[in-house]
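Trainee: the following block contains a protein sequence and its predicted model.
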Amino acid sequence: MLLTPAPARLTPEQRTTAFYFTYFMGPGAAVVFLPIWLSEKGISTEQIGLINAVPVLIILLLNLVVGRVADKASDWRQVIVIGALIGGIVPIGLLFVNEFWGILLFWTLCSLPGGAIGPVLDAAAMRMTRRNGSDFGTIRAWGTLGYMLFNVLTGFLVVWFGSAIFVPLFVGLALLRAGVALQLPAFRAPLGQPTIAATLPAAGKLAEIIVQPWFFLPLVGFSMVFGTHIFLNGFGALLWKEQGISEDVIGPLIALGSASEAGMMFLWRRFGGRLSARHMILISAGVSVLRWIAMAFAPPVPVLVALQLTHGITFAIGYLGCVHFIANWTSEDIAAETQSLFTVAQQVMSVIALIGFGWVIGLVGNQAYLIAALVALVGAICIWGSLQLQSTRDS
């Protein structure tokens, strides 16, 4: 009974939007204060990199399995709800650990459920909106707004109540997400239900699609760009604090990036069809190169404000381009598995970024952003290569 969808008082889109809104609140708080909280406990930048990277590494082993199970289930909702419930209970363990190994264990266990259900949620929401003729970008944007809300609030809460507030806040947000998951709708269309979506691809096998270079190169390229953003998430707040920027400024700075991301997602429907998905991904990579070069010179807060506002281009456009690219070329029977494969590629780059940059920051500090710029440039070349292999009309 626990996994039965709630009565239809709100539309499926509204209930999915509510879950997205809570889904990213915990990560929004963590990106602001987790590295600082860990540093205050005497944990080194190398160890902070491991704490961030180990969960991602383990999720690598889970994502394709979870995606395949979700595709074979009667509805993707079941996997999403179960993952959210587990993810609501496990973080309570963080209240009882203070040293590296304990934090590593519980932060890993906290991260696994959310990371595993993320691609399933994206695939399910994308298919639902295509079937109903609604807008995935608008729904996903509310996730960014939830993230942004706690970018801002966490910085102020820490200033007002001290660093001890961080873990109870994170636990509370995880429980909130679990509760909201219970009202998620069924995502698959009932058999025979008419739709207003465009003609969908025929059923196919994942292995036959991913071996095509024109298909996997854009996803690999953006995954490299994504990895450079993980560097910002994992170490940006710590580097800014070392520049003398206070937490109540760091939070709003991170929130500016989130606001830019949300704004771009809300606007996607107006301009997203004017260029192909792959051209959108390429634009995000090119602007990322310029953003990271500028960040390497430890610019003052006014310049950081401008750079954070480019986040809607460097991340949101590329992410939405990839989600639409996958949906354009895959059928519903492999939707979650393909989205999970894309997430695996992002996670591989994230592990490399978190471990590698944790070490590099200890050597060169802010100059590590120059390496991020180089990685983003290689990603842009991969995306450009796909366009050369196969010309594009709308994908």
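Mentor: Nice, thanks for sending it over. Residues are numbered from 1 along each chain as shown.
Trainee: state the number of residues packed around Arg270.
Mentor: If you count neighbours by other Cβ atoms under 10 Å, Arg270 ends up with 10. Every residue, glycine included, has its C-beta placed from N, CA and C.
Trainee: what separation do you get for it and Gly137?
Mentor: Taking Cβ to Cβ, to the nearest Å as the measure, Arg270 falls 10 Å from Gly137.
Trainee: need the helices for the stretch 251-395 of the chain, in chain order.
Mentor: 277-295, 301-308, 311, 318-329, 335-364, 368-389 (DSSP state H, counting those that start in this stretch).
Trainee: and the stretch 51-200 of the chain, by the same measure?
Mentor: Using DSSP H, counting those that start in this stretch, helices in the stretch 51-200 of the chain cover 77-89, 100-132, 136-161, 166-181.
Trainee: out of the ones you listed, nearest to Gly234?
Mentor: Nearest to Gly234, of all these, is helix 100-132, at 12.2 Å by Cβ to Cβ.
Trainee: how about the closest one: buried residues?
Mentor: Buried residues in helix 100-132, counted by 16 or more other Cβ atoms under 10 Å: 100, 103-104, 106-131.
Trainee: got the angle between that helix and helix 335-364?
Mentor: 140 degrees (axes from the mean of the first three to the mean of the last three Cα atoms, to 10 degrees).
Trainee: and the angle from helix 100-132 to helix 136-161?
Mentor: Using the same axes, to 10 degrees: helix 100-132 against helix 136-161 is 150 degrees.
Trainee: and helix 100-132, what does it pack onto?
Mentor: Judged by 3 or more Cβ pairs under 8 Å, 6 or more residues apart in numbering; DSSP states H and E, the packing partners of helix 100-132 are helix 12-23, helix 25-40, helix 45-72, helix 77-89, helix 136-161, helix 166-181, helix 318-329, helix 335-364.
Trainee: let me have those in a markdown table, extended by mean neighbour count.
Mentor: Listed next are those as a markdown table, based on neighbours: other Cβ atoms under 10 Å:
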| stretch | mean neighbour count |
| --- | --- |
| helix 12-23 | 21 |
| helix 25-40 | 23 |
| helix 45-72 | 20 |
| helix 77-89 | 21 |
| helix 136-161 | 22 |
| helix 166-181 | 20 |
| helix 318-329 | 23 |
| helix 335-364 | 23 |
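Trainee: adding distance to Ala262 and mean pLDDT, write those out as CSV.
Mentor: Output for the helices and strands packed on helix 100-132, formatted as CSV (distance: least, Cβ to Cβ, whole Å; pLDDT from 0 to 100):
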stretch, distance to Ala262, mean pLDDT
helix 12-23, 11, 96
helix 25-40, 12, 87
helix 45-72, 24, 84
helix 77-89, 22, 95
helix 136-161, 4, 87
helix 166-181, 18, 95
helix 318-329, 12, 89
helix 335-364, 20, 81
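Trainee: output the ones you listed in CSV, with distance to Asp248 appended to each entry.
Mentor: Below are these laid out as CSV (distance: least, Cβ to Cβ, whole Å):
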stretch, distance to Asp248
helix 12-23, 24
helix 25-40, 10
helix 45-72, 22
helix 77-89, 29
helix 136-161, 5
helix 166-181, 14
helix 318-329, 28
helix 335-364, 23
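Trainee: between those, which gets nearest to Ile293?
Mentor: Across the helices and strands packed on helix 100-132, closest to Ile293 is helix 335-364 (Cβ to Cβ), at 14.5 Å.
Trainee: now the residue nearest to the spatial centre of the chain: how far from Leu60?
Mentor: Centroid-nearest residue in the chain: Gly118, 7.8 Å away (criterion: Cα atoms, centre = their mean). From Gly118 across to Leu60, the span is 13 Å (Cβ to Cβ).
Trainee: Phe231 now?
Mentor: 18 Å.
Trainee: now swap in Gly318 and tell me
Mentor: Between Gly318 and Leu60 the computed distance is 21 Å (Cβ to Cβ).
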